[in-house]
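Student: coords please:
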Amino acid sequence: MSRIGRKPVAIPAGVDVKLNGHEMTVKGPKGTLTQTFHENMIIEVTKEEITVKRPDDEKENRALHGLTRTLIANMVEGVTNGYSKALEIQGVGYRAQKQGKNLVMNLGYSHQVIVPEIPGITIDVPAANQIVISGPDKQMVGQFASEVRGKRPPEPYKGKGIRYVGEHVRRKEGKAAKK
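Tutor: Residues are numbered from 1 along each chain as shown. Just a heads-up that it's a prediction; the model follows:
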């Protein structure tokens with residue numbers, strides 16, 4: 001049996017969980033998340049925990065078991081504490097700023113790159129070379145951070161571009177001089 005799928009998900013105080021068929025709604029201080037799960041998974045909600053069971057040991061059900069439990073745990077964690085991804089900008093003249101609900105970045109192009117804030121996501125710019133993306137939905141935060149990083153990914157020669165904090169970029173040697 002799945003070791004992850006077997007573990008129950010604790011419901012912290014202040015979090016409201018509603019199960020309607022295979023659609024779960026989790027409401028907490030950071031927001032509300034709704035997700036529909038596969039019909040094969042058996043989800044049981046009590047006052048203090050959520051358990052996920054599978055009907056049999058078929059390959060698909062074994063795969064879905066741990067996935068379903070992890071998605072539920074991510075929903076509970078998201079509405080309780082939220083998720084965030086930090087990005088850093090490296091390069092001379094590269095910077096970011098927040099103008100209203102838009103993230104405006106100078107990334108070495110002939111124009112400014114403007115990324116609008118989407119519902120459920122909060123953009124914070126603590127410094128000119130730092131961007132913090134946060135929200136209750138783990139998948140949405142990661143996807144949005146990836147899209148922002150994709151506006152100017154780090155290049156391997158000088159390392160200029162947008163990268164995740166702590167990301168290691170493999171550097172390449174430039175052209176060797178002719179002898």
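Student: What is the subsequent helix or strand relative to whichever strand or helix holds residue 24?
Tutor: Secondary structure assigned from DSSP states H and E places residue 24 in strand 23-28. Counting by DSSP H and E, the next helix or strand C-terminal to strand 23-28 is strand 31-36.
Student: Sheet-wise, list the partners of the following helix or strand past that next one with their directions.
Tutor: Downstream of strand 31-36, the next assigned helix or strand under DSSP H and E is strand 42-45. Strand 42-45 has the following strand partners under DSSP bridges: strand 49-53 (antiparallel).
Student: How far does the lengthiest helix in the chain sit from its chain's centre?
Tutor: The helix that spans the most residues within the chain, counting by DSSP state H, is helix 59-80. Per CA atoms, centre = their mean, to the nearest Å, the displacement of helix 59-80 from the mean C-alpha position of its chain is 15 Å.
Student: if we can go back for a sec, so which elements touch the strand holding residue 24?
Tutor: Other elements packing on strand 23-28 under the criterion 3 or more CB pairs under 8 Å, 6 or more residues apart in numbering; DSSP states H and E are strand 16-20, strand 31-36, helix 59-80. C-betas here are computed from N, CA, C, even on glycine.
Student: ok, and for the host helix or strand of residue 126, which residues are buried?
Tutor: Assigned by DSSP H and E, residue 126 belongs to strand 122-127. By neighbour count on 16 or more other CB atoms under 10 Å, the buried set for strand 122-127 is 123, 125.
Student: Equivalent analysis for stretch 133-146, please.
Tutor: Across stretch 133-146, burial judged by 16+ other CB under 10 Å covers 133, 134, 135, 136, 137, 138, 140, 141, 144, 145.
Student: Could you do stretch 14-22 as well?
Tutor: 15, 17.
Student: same check, this time on stretch 67-83
Tutor: Those would be 67-80, 82-83, for stretch 67-83 by 16+ other CB under 10 Å.
Student: Restricting to C-alpha, output stretch 23-38 in PDB.
Tutor: Coordinates of each C-alpha in stretch 23-38 appear next as PDB, following Å, rounded to 0.1, in the frame of the first residue of the first chain:
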ATOM      1  CA  GLU A  23     -15.300  17.500  -5.400                       C
ATOM      2  CA  MET A  24     -13.500  18.900  -2.400                       C
ATOM      3  CA  THR A  25     -13.600  22.500  -1.200                       C
ATOM      4  CA  VAL A  26     -11.100  23.700   1.400                       C
ATOM      5  CA  LYS A  27     -11.600  27.100   3.000                       C
ATOM      6  CA  GLY A  28      -9.100  28.800   5.200                       C
ATOM      7  CA  PRO A  29      -7.600  32.100   6.200                       C
ATOM      8  CA  LYS A  30      -5.600  32.400   2.900                       C
ATOM      9  CA  GLY A  31      -8.400  31.600   0.600                       C
ATOM     10  CA  THR A  32     -10.600  28.900  -0.900                       C
ATOM     11  CA  LEU A  33      -9.500  26.000  -3.100                       C
ATOM     12  CA  THR A  34     -11.700  23.600  -5.000                       C
ATOM     13  CA  GLN A  35     -10.600  20.400  -6.800                       C
ATOM     14  CA  THR A  36     -12.300  17.400  -8.300                       C
ATOM     15  CA  PHE A  37     -10.600  14.000  -7.700                       C
ATOM     16  CA  HIS A  38     -10.800  10.700  -9.500                       C
END
